[in-house]
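Colleague: just coords:
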């Protein structure tokens, strides 16, 4: 039972990433530059969190990476 919160977090992260990717792809249909601009901002956010945040930021970085992977697919 101790593993359940991490399992739930994994599903929540994956669902949030999928939802974000869907929104970005939908917006990209009406603005073909949107996804490219979004990915640039996502990369900046990833770098900022990784370099400028104290403590454990693995969950945040994994969410951002998951979004990027879904959009690159």
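Modeller: Noted; the coordinates are in hand. Remember, it's a predicted structure, so these values are computed and weren't measured experimentally.
Colleague: so after the longest helix seen in the chain, what's the next helix or strand?
Modeller: In the chain, assigned by DSSP state H, the helix with the most residues is helix 4-30. Next helix or strand after helix 4-30 toward the C-terminus (DSSP states H and E): helix 34-52.
Colleague: Could you list the buried residues of that next one?
Modeller: 34, 35, 38, 42, 46 (16 or more other C-beta atoms under 10 Å). Yep, even glycine has a C-beta here, placed from its N, CA and C like the rest.
Colleague: And the residue nearest the centre of the chain, how close does it get to residue 41?
Modeller: In the chain, the centroid-proximal residue (C-alpha atoms, centre = their mean) is residue 64; its distance is 2.7 Å. Residue 64 is 10 Å from residue 41, where distance means C-beta to C-beta, to the nearest Å.
Colleague: Likewise for residue 15?
Modeller: 21 Å.
Colleague: next one: residue 55
Modeller: 23 Å.
Colleague: Same question for residue 71.
Modeller: According to C-beta to C-beta, residue 71 stands 12 Å off from residue 41.
Colleague: which stretches of this protein have low pLDDT?
Modeller: In the predicted model of the chain, residues 1-5 satisfy pLDDT under 70.
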